[in-house]
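Asker: sequence-free structure coming up:
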């Protein structure tokens, strides 16, 4: 067998050992500890060197040419501890004695020991430099092949001149080329193994994240059930308590009214009775608001459907708030646009409740100026899904800051905590009105600026067939345009 064929056989044996190592790592090494893994990999490197010597080219009974230094070369790029390379070089050198104790075996042992020390130095250099891996590997291959050639020429049993002229010109290029080929093959093995490990790690992380997500989902579902149950209990409690409180409160209001009507005006008890009567009515309104809110949250608020006379609504509202406007010295006016429909299909009681809340707020927060209620059909350019009628309540009151436009529609919230102390109120009127508007198939929009008054607009569909499409219009997300200005709604 020629020198070239023997070296190619060496390469084939190294590839086989590399593949065997990959299989062992996949099915066996992963189950062992890190230290045992490390020791087994070092023994595998030494075994690879011994395989090369076993199937090397025998120039004579004592002289063998092979690629025993290639495993040491590969170990230079694999291990992080330089001392490990010295151990591998020493181990491969000692393995040479298994093929006979001769001068050539001693020369081989000395050669591999020196190469181990050289590779340890190369390893330190490679880890301290930021050159590309390909360049560092090429430099290492050149250095190891040159040092191996010099060692054989100096310490080998062949005459120096014979080796340099007859053998080295063939051995050095061949070993250099095969070293590069094997390094590329091993690099491909390593990249494939790294991809497999990365994929395995990614799958492991994904499984852990999936398990955590499922656990979090179960916790959220349980908490959601608890919150829903708590909300249901709260709504039922508020509904029951509201009913229980209304009965004695109505008695107090009626008795206060009887005392007020049957007591001479000269006596102070008549004034006290009027105060009790007024306070009782305010408390009853709060209880009614809480009852309505609890019904809405519990989904038990019933909405009737009948023909609502559009022209009768403003007359009733004017009669209710005329006295309030006169007492505060505020101009109150109701404007109806022409070509309004005579009737709309909706719930007259809930429409009246919404408008009373909006007008009550307008009068409450307006000290001077005016309060107006305008009724007109929504303009086509507002891009609404169907025909709508608009009830717009305008005032010249204190207004609402821009950053509070959403907060005021939340239950028990007002634009400013001091407002409840100065103007009174619980902050339930707008949230209830907002809920009722949605149940009627419409929504409430607003335009307001602090110190410049407010405008609240109730949009209602002309018929309930539009209600399902309009019910999804969210107060916080829907925008309409009025007179060229954008209004949040």
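Answerer: Thanks, I have it. Keep in mind it's a predicted model, so treat the numbers as computed, not measured.

Asker: can we go C-alpha only for contacts and neighbour counts from here?
Answerer: OK.

Asker: the helices in the stretch 351-489 of the chain, which residues?
Answerer: 417-423, 429-439, 467-470 (DSSP state H, counting those that start in this stretch).

Asker: looking at the nearest residue to residue 58 once chain neighbours are set aside now. What's its pLDDT?
Answerer: Nearest residue to residue 58, sequence neighbours excluded (CA to CA, 6 or more residues apart in numbering): residue 64, at 4.5 Å. Looking at residue 64, its pLDDT is 72.

Asker: settle this for me: residue 64 is touching residue 50, isn't it.
Answerer: No - look at residue 64 against residue 50 with CA atoms under 8 Å: they stay out of range, at 11.8 Å.

Asker: those two: which is more packed in?
Answerer: Higher neighbour count among residue 64 and residue 50: residue 50, with 25 against 18, using other CA atoms under 10 Å.

Asker: you'd agree the more buried one is up against residue 69?
Answerer: No - the criterion here is CA under 8 Å, and residue 50 misses it with residue 69 at 10.1 Å.

Asker: relative to residue 217, how far out is residue 110?
Answerer: 66 Å (CA to CA, to the nearest Å).

Asker: compare those two (neighbour count), which wins?
Answerer: Set residue 110 next to residue 217 and count neighbours by other CA under 10 Å: residue 110 wins out with 20 against 12.

Asker: doesn't that one belong to a helix?
Answerer: Yes - assessed with DSSP: H, G, I helix; E, B strand; the rest coil, residue 110 lies in a helix.

Asker: so it sits against residue 93, correct?
Answerer: Yes - between residue 110 and residue 93 a contact is recorded at 6.9 Å, counting by CA under 8 Å.

Asker: pLDDT wise, what is residue 222 at?
Answerer: 88.

Asker: what about it, how many neighbours?
Answerer: Neighbour number of residue 222 under other CA under 10 Å is 12.

Asker: so it is in which element?
Answerer: helix 168-262 (DSSP states H and E).

Asker: packing partners of that helix?
Answerer: Using 3 or more CA pairs under 8 Å, 6 or more residues apart in numbering; DSSP states H and E as the contact test, the elements touching helix 168-262 are helix 3-27, helix 133-155, helix 268-298.

Asker: okay, residue 406: pLDDT?
Answerer: Residue 406 carries a pLDDT score of 73 in this model.

Asker: the one 3 residues further on too?
Answerer: For residue 409, the pLDDT comes out at 73.

Asker: my read is that it contacts residue 434, right?
Answerer: Yes - contact criterion CA under 8 Å: residue 409 and residue 434 qualify, at 7.0 Å.

Asker: what sits in contact with each of those two?
Answerer: Residues touching both residue 409 and residue 434 (CA atoms under 8 Å, 6 or more residues apart in numbering): none.

Asker: can I assume residue 335 sits in a strand?
Answerer: Yes - checked against three-state DSSP, residue 335 lies within a strand.

Asker: quick one: low-confidence parts of the stretch 251-400 of the chain?
Answerer: For the stretch 251-400 of the chain, the stretches flagged by pLDDT under 70 are 265-271, 277-278, 281-282, 285-286, 289-301, 380-383.

Asker: and residue 450, how many neighbours?
Answerer: 12.

Asker: and the pLDDT at it?
Answerer: Reported pLDDT for residue 450: 86.

Asker: mind listing what the nearest residue in space to it that is not next to it in sequence touches?
Answerer: Once flanking residues are discounted, residue 450 sits nearest to residue 399: 4.2 Å by CA to CA, 6+ apart. Counting by CA under 8 Å, 6+ apart, residue 399 touches 448, 449, 450, 451, 452, 453, 454.

Asker: phi, psi for the second one please.
Answerer: What it means is residue 449. Dihedral angles of residue 449 (phi, psi; degrees, to the nearest 10) stand at phi -140, psi 140.

Asker: next: the third one.
Answerer: Residue 450 adopts backbone torsions of phi -60, psi 130, taken as degrees, to the nearest 10.

Asker: that one contacts residue 400, correct?
Answerer: Yes - taking CA under 8 Å as the definition, residue 450 is a contact partner of residue 400 at 4.8 Å.

Asker: what's residue 317 in contact with, if anything?
Answerer: Residue 317 touches 352, 356, counting by CA under 8 Å, 6+ apart.

Asker: how far away is it from residue 233?
Answerer: 36 Å.

Asker: can you report how many residues lie near residue 225?
Answerer: As a burial measure, residue 225 scores 12 neighbours (other CA under 10 Å).

Asker: quick one: it from residue 218, how far?
Answerer: Counting by CA to CA, the gap from residue 225 to residue 218 is 11 Å.

Asker: and residue 199, by the same measure?
Answerer: 28 Å.

Asker: and for residue 370?
Answerer: 55 Å.

Asker: between those two, which is the more surrounded one?
Answerer: A direct count of neighbours by other CA under 10 Å for residue 370 and residue 218 places residue 370 higher, at 19 against 12.

Asker: OK, contacts around that one?
Answerer: 330, 331, 332, 333, 395, 396.

Asker: what helices or strands is the helix or strand where residue 349 lies leaning on?
Answerer: Element membership for residue 349, per DSSP H and E: helix 348-364. If contacts are counted by 3+ CA pairs under 8 Å, 6+ apart, helix 348-364 sits against helix 312-328, strand 370-377, strand 388-395, helix 429-439.

Asker: nearest to residue 208, of the ones you listed?
Answerer: Closest approach to residue 208 among the helices and strands packed on helix 348-364 is made by helix 429-439 (42.5 Å; CA to CA).

Asker: next, the angle helix 348-364 makes with the closest one.
Answerer: 150 degrees (axes from the mean of the first three to the mean of the last three CA atoms, to 10 degrees).

Asker: count the neighbours of residue 326 for me.
Answerer: Residue 326 has 11 neighbours, counted by other CA under 10 Å.

Asker: just want the most central residue of the chain.
Answerer: With distances taken as CA atoms, centre = their mean, residue 213 lies nearest the centre of the chain, 11.9 Å away.

Asker: that residue and residue 221, how far apart?
Answerer: To residue 221, residue 213 is 12 Å away according to CA to CA.

Asker: can you check residue 98 too?
Answerer: 70 Å.

Asker: try residue 261
Answerer: In terms of CA to CA, residue 261 sits 58 Å off from residue 221.

Asker: how about residue 100?
Answerer: With CA to CA as the criterion, residue 100 and residue 221 are 75 Å apart.

Asker: same deal with residue 363?
Answerer: Going from residue 363 to residue 221 by CA to CA gives 45 Å.

Asker: more crowded one of these two?
Answerer: Neighbour totals were compared for residue 363 and residue 221, and residue 363 leads with 21 against 12 (other CA under 10 Å).

Asker: would you mind measuring from the more buried one to residue 323?
Answerer: 11 Å.

Asker: cool, and residue 56?
Answerer: Residue 56 is 116 Å from residue 323, by CA to CA.

Asker: with neighbour numbers in mind, choose between these two.
Answerer: More neighbours surround residue 56 than the other of residue 56 and residue 323, with 23 against 12 (other CA under 10 Å).

Asker: name the nearest residue to that one, ignoring sequence neighbours.
Answerer: residue 66 (4.7 Å).

Asker: got the domain boundaries for this protein?
Answerer: Domain ranges of the chain: 3-209, 306-488, per automatic domain parsing.

Asker: what's the local residue count around residue 42?
Answerer: There are 19 residues near residue 42, going by other CA under 10 Å.

Asker: that one against residue 88, yeah?
Answerer: Yes - if you go by CA under 8 Å, residue 42 and residue 88 touch, sitting 6.5 Å apart.
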